[in-house]
Each structure stands twice: as C-alpha cells, then as structure tokens.
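**Student:** could you look at this predicted model? Sequence included:
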There are 2 protein chains.
Amino acid sequence: MDGYELMGRHREFDVEKALDAAMCVFWRKGYEGASYADLTQAAGVERPALYSAFGNKEALFKKVLTRYYERHLDYIPVALQLPTAREVAAHILFNAIDLNTRYPEHTGCLGINGILAGSDEAEPVRLALIEARAEGEAMLLARFERAKVEGDLLPTANPDTLAKFVLAILHGMAVQAKAGFSPETLRAVAEQALSAFPGVR
Amino acid sequence: MDGYELMGRHREFDVEKALDAAMCVFWRKGYEGASYADLTQAAGVERPALYSAFGNKEALFKKVLTRYYERHLDYIPVALQLPTAREVAAHILFNAIDLNTRYPEHTGCLGINGILAGSDEAEPVRLALIEARAEGEAMLLARFERAKVEGDLLPTANPDTLAKFVLAILHGMAVQAKAGFSPETLRAVAEQALSAFPGVR
DNA sequence: ATCATTACGTAACGATCGTTATGAAATTTA
DNA sequence: TAAATTTCATAACGATCGTTACGTAATGAT
C-alpha cells in the first residue's frame, strides 16, 4: 500500500504534530479538563479536522494515551530487562522523576492525571486509565517473580507487594510533581523508597 | 448570640447534611466533575438554596474541604502526638487506608482527587488543594524534626525527605484506592513502606 | 395587623460543552 | 476536461455548565 495516493483532497496538517499537541493539553488538564477548544487551538486545526482524523474526544484521548506509553513510558520495558529487581525499580523511579518534571507546562504523569476523579461521562476513560495502570503493574510483578526465581530477590520477599509498593511511590511522586516538587526533591524520595527494597545493599 | 432568632423565613434544610452530601459528590467526582445538578440532587435542595447558604461552587468546595479536614483527617493531629516518629508515620498510613476504602462509593482522598488536573477555571481550587497538602507536610516535617531532637530519629535521618516519603506513599495509596485496591492490599504496601523507615524495629 | 426580611421553587440566563451538517476547495481518476 | 472523492472552514446544533431574576411563602419585629 506504500506510495498509494488516495483520491480526493490531501490532508493539510501533520497528524503526528496534532497528536503531540493534544497530548500536551490532556497531560496538563486531564481528560475532562481539556476542552475541544483547547485541543483545536493547540493543534492549530479546526474542529471537524480533528474529528475526521481521530474520531471523537474519547477516541482521540485513547490514541494519545497509546502514544504516551510508546513515546514516554518506553523506559519501562527497558528497565524490565535490567539484571536485578533493585535495578529495575531504581531505573523506573528515576526515569519517572525525569518524565514528571521535564516539561514545566505539563507536570506529573498523563496516565495518572486523569485517573482520580471526573463526571460519570468520563468514567470509561477513567476505567481505561485504571486498566493501563494495572497492565504496568502486571509487568513489574512478572519481573519481580522472575527475580525471585533467579535469586536476586530473597525467598521471603513478596513480589506482588513489592510491585505495588514501587508503583505507590511512582503515583505519589506524580502527585507531588503536580504540586510543584523539583526533580532533586523527588530523587530524595525515590532513594528513601529504595532503602525499603529488600536485597543486597 | 445563641438563641437569637433571625428575621425572615427559616431555612428548611439541614446545612450540615447538605455539606455532607456535597462532600460525597466532590469526593467521588472531584471539583470539576461534580456538577451543580449533582450537588443539588445529592443535597435534596434547589440550586438557589445552595447558593444562598454557601456561595458559589468554589466557596462550597472550600467549605467542604475544611469540613473534610476536620471530620476525616482528624487522625493526623492525633497521630502527631504519638511518642515516636515511626508510630506517627504508621498511624497516619493505616488511618489513611481506612479512610480511602471505607466508603465504596467515594474511594481515595478528597484532598487528592481534585489536585491533579482540570481546566483553567478550576486552577484556584487546585492551588488551594496543593496548599492544604503542603500544610499537612509542614506539620509532619515539624514533628519529625522534633523526633530528631528527642533522639528517636537518628542524627543521620533527613526529616524533610522522610516527611515527603511518607506523603508520597499516602498519595500513591490514594491513587491505588481509586483504582480499586482493597484495604488489605494497601496495608501490605504501607508495611513495606514502613520497613524503609529508619530507627529501631 | 402590617412591614421588613429571609428562604423557597420555578424558570431562565449567557456561556461553553462535545459534535456535526453544509458547501466550497483541492486532488486523483477516467 | 469532467466526475468522483476527500478535506477544508464556517457555522450551527442540542445539551449542559454555573449562576441568578423573580414572585411567593413564611417568619420576626413593630
């Protein structure tokens, strides 16, 4: 299908750039806090153009969410391949700090910012965010279970609790980043958390 | 002023019950996710009655927030009076778990649920929530500094980092409660966090 | 009993929400 | 060059948002 030219007028805006613009808006304001006026203005595109390219607001958000995981949470699969559970946890925490504070105009985590509260209409999106979060937890749990088999986690360690603990810190730092915490401050929090991580120091 | 009867028609609804009803709605849906239709329906009161009693939506939310701190976060001042820093942290974490999971229809923490994202119009409320969070942190920090003076925190301990770490867990558990975590699961997370707490075991 | 004052329910306000009908402009196909 | 197809910008849709006139009912003060 490559090189095949569709009949009809060509799209005049860059779909990738429009998605990135929408991501910034959703990241800062959450799903419901972001209006279509915000989205079209950020993308520099009229309303019907966004609809024809991505569908409605919910569909657009889900595309953005997928993009967010691919483009900004790509450090997670990388972290999961590190040799020890402790290194995995440290890598995830420190990269999250960078992500949560890198862009001053949209701090915290896109995947968490919309997960807490909203109207009933936004419930499907909240559930999607909850599910995405759970998938990340499942991956981390699987990695910690492997670590137990491989011996770099003690037999007394509980991989499930450990995964949930690391993610609790992750979510807590996302909240604190939204409250204006600096990366240096968050780093101290992460290191304190890692001191609770079982295994050789 | 007690027993003094104001001129004019008497209020027919219970202000306290209306505030509690509004609290439930804000707790579940956040500030922006809660509509005035939701609030009036929950309170069983017509719109102008809410306005005349509490002012506009923002003023109502702030009254509810104050009430939330008084009625549901009252375990914090209690915790701060416990003899050791470790007991303070444990008391706060375990009571937060109970609060975050006690009401299935509005899980998590009212003070956190509205703190992450919203439209520009909701920014004043977000800032108020951020400030309230910071006040709690300041109280915990002061308590940990006292603990260092009193010797139940080692001289090498960093009270500021420790306070922020405990609150990171607190915020993280609020997110996880919103994601459906059971109190038992959250308790395991909290205990894992406490294992990172310096001092005698 | 009359007036002043407050709360009540109804009903509506302008603004914004997400969404879409519509016709002109642009491009490929034939 | 004419037909087919797609995108474009304008403009509007109905619904809901937070907020408030407005007229009536109820109470305290005189």
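**Tutor:** Yep, it's here.

**Student:** switch to C-alpha atoms for all contacts and neighbour counts from now on
**Tutor:** Will do.

**Student:** quickly note the distance from the residue nearest to residue A:60 when sequence neighbours are not counted to DNA strand D.
**Tutor:** Of all residues not flanking residue A:60 in the chain, residue A:54 sits nearest, at 5.4 Å (CA to CA, 6 or more residues apart in numbering or on different chains). Distance, residue A:54 to DNA strand D, using CA to the nearest atom of the strand, to the nearest Å: 10 Å.

**Student:** for residue A:54, grab the count of nearby residues.
**Tutor:** 18 (other CA atoms under 10 Å in any protein chain shown).

**Student:** now it: how far from DNA strand C?
**Tutor:** Distance, residue A:54 to DNA strand C, by CA to the nearest atom of the strand: 10 Å.

**Student:** phi, psi for that residue please.
**Tutor:** As for residue A:54, its main-chain torsions (degrees, to the nearest 10) stand at phi -130, psi -10.

**Student:** do a quick rundown of the helices in chain A.
**Tutor:** Assigned by DSSP state H, the helices in chain A fall at A:15-33, A:36-43, A:47-54, A:57-71, A:75-80, A:85-102, A:110-113, A:123-150, A:159-178, A:183-194.

**Student:** ok, how many other residues are close to the residue in chain A that DNA strand D sits nearest to?
**Tutor:** Nearest residue of chain A to DNA strand D, counting by CA to the nearest atom of the strand: residue A:8, 2.9 Å away. Residues near residue A:8, counting by other CA under 10 Å, number 6.

**Student:** just to revisit the earlier point, just checking, the residue nearest to residue A:60 touches residue A:62?
**Tutor:** No. Counting by CA atoms under 8 Å, residue A:54 does not reach residue A:62; the two are 9.7 Å apart.

**Student:** please enumerate residues in contact with stretch A:120-128?
**Tutor:** Residues outside stretch A:120-128 that contact it (CA atoms under 8 Å, 6 or more residues apart in numbering or on different chains): A:31-32, A:58, A:62, A:114-118, B:29, B:33.

**Student:** neighbour-wise, which of those leads?
**Tutor:** In the contacts of stretch A:120-128, the most neighbours by other CA under 10 Å go to residue A:117, 32 neighbours.

**Student:** look at it and report its pLDDT.
**Tutor:** On pLDDT, residue A:117 comes in at 89.

**Student:** same thing with the one 3 residues further on?
**Tutor:** If you check residue A:120, the pLDDT there is 94.

**Student:** give me the number of residues near it?
**Tutor:** 13.

**Student:** same check on the one 5 residues further on?
**Tutor:** Counted with other CA under 10 Å, residues neighbouring residue A:125 total 20.

**Student:** contacting residues for the closest residue to residue A:100 other than its chain neighbours?
**Tutor:** Spatially, and ignoring its direct neighbours in sequence, residue A:100 is nearest to residue A:108 (4.2 Å; CA to CA, 6+ apart). By CA under 8 Å, 6+ apart, residue A:108 lies in contact with A:27, A:99-101, A:173-178.

**Student:** swap in 10 Å and give it another go.
**Tutor:** Shown in contact with residue A:108 (CA atoms under 10 Å, 6 or more residues apart in numbering or on different chains): A:27-28, A:96-102, A:171-181, B:116-117.

**Student:** what about the nearest residue in space to residue A:45 that is not next to it in sequence, distance to chain B?
**Tutor:** Residue nearest to residue A:45 in three dimensions, not counting chain neighbours: residue A:13, with 7.3 Å by CA to CA, 6+ apart. Per CA to the nearest CA, to the nearest Å, residue A:13 is found 26 Å from chain B.

**Student:** any idea of the pLDDT on the residue most central in space within chain A?
**Tutor:** Nearest to the mean C-alpha position of chain A, by CA atoms, centre = their mean, lies residue A:111 at 4.3 Å. pLDDT, residue A:111: 96.

**Student:** ditto for residue A:83
**Tutor:** 96.

**Student:** again, but for the one 10 residues further on
**Tutor:** pLDDT, residue A:93: 98.

**Student:** isn't it up against residue A:172?
**Tutor:** No. Using CA atoms under 10 Å, residue A:93 is not in contact with residue A:172; the gap is 11.0 Å.

**Student:** between the two, tell me which one has more neighbours.
**Tutor:** Neighbours were counted for residue A:93 and for residue A:172 using other CA under 10 Å; residue A:172 has more, 29 against 26.
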